[in-house]
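>>> Predicted model and sequence below, questions to follow.
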Amino acid sequence: MPDPKPKRRYYHLTPHRLLIGVLAAQGFLLLADRFALFGLNRGSGWNVLLAVALVGLTVLIGLLWFAASLLLRRRFDFSIWSLGVLTLAVAIVSTWFAVKMQQARRQGETVKAIVQAGCGVRYDYEFDESGRYIDVRDRKPPAPAWLRDLLPVDFFSDVVLVGCLSDRVGDDDLIHLESLNELEYLQLRRTQLSDDGLEHLRELANL
């Protein structure tokens with residue numbers, strides 16, 4: 001007697017399989033963000049925004065799919081497992097976005113403190129691939145204007161250069177540099193620094 005419910009072929013797309021694919025794509029983006037794979041910048045805000053857009057698009061497709069199933073009177077294969085996978089995907093991207101926002105806020109506060117101490121900062125987008133500084137007037141921040149109105153520049157870019165050329169700068173001011181993990185260049189002139197102040201730079205691997 002033939003089976004009245006034939007097995008679904010492995011290439012048949014279902015909402016559950018779509019969500020599994022999204023979860024796998026999130027894992028890929030997390031790894032690429034952590035280890036700078038496939039040309040993606042490590043820690044870039046664009047990586048998490050891509051993950052957010054992916055989840056949002058998936059939810060939209062799911063809603064349209066559900067509406068089409070109702071109209072066409074077809075089965076919408078969405079189980080409790082599918083709900084669990086969707087919840088996990090949303091939780092991952094929400095946590096990732098929150099962490100990135102916290103990092104951007106912390107860097108913004110650090111930049112403010114550095115500037116108040118009499119120093120200047122430069123972001124990675126202000127340099128070309130060879131490391132040559134480009135005049136800011138010729139280099140636009142790495143985000144559309146409407147997106148920069150929603151998110152700070154520190155969300156998309158890292159501080160890579162700090163220049164302190166004032167005698168007001170002392171050992172305590174270098175404490176602010178400890179959180180700038182992507183700092184590559186440090187210019188110090190006419191400062192009141194000692195070896196004790198330079199100890200704050202020990203953990204900056206890129207410097």
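Structure received. Numbers count the residues shown, from 1 in each chain.

>>> Could you use CA atoms for every contact and neighbour count after this?
Fine.

>>> for this protein, which residue is closest to the average position?
Nearest residue to the geometric centre of the chain (Cα atoms, centre = their mean): residue 45, 2.8 Å.

>>> Identify the residue spatially nearest to that residue, adjacent ones excluded.
Leaving out its chain neighbours, the residue that sits closest to residue 45 by Cα to Cα, 6 or more residues apart in numbering is residue 156, at 4.7 Å.

>>> From what I see, that neighbour and residue 44 are in contact.
Yes - counting by Cα atoms under 8 Å, residue 44 is a contact partner of residue 156 at 5.9 Å.

>>> Which one's more surrounded, these two?
Ranked by neighbour count (other Cα atoms under 10 Å), residue 156 and residue 44 place residue 156 first, with 22 against 18.

>>> where's the more buried one relative to residue 170, distance?
30 Å (Cα to Cα, to the nearest Å).

>>> ok, and for stretch 184-197, which residues are buried?
Neighbour counts over stretch 184-197 (16 or more other Cα atoms under 10 Å) mark 188, 193 as buried.

>>> Other residues contacting it?
160-172, 174-175, 206-207 (Cα atoms under 8 Å, 6 or more residues apart in numbering).

>>> what residues go with each domain of the chain?
Domain ranges of the chain: 12-103, 117-207, per automatic domain parsing.

>>> Looking at the first one now, give me its mean pLDDT.
Per-residue confidence for domain 12-103 averages out to 89 on the pLDDT scale.
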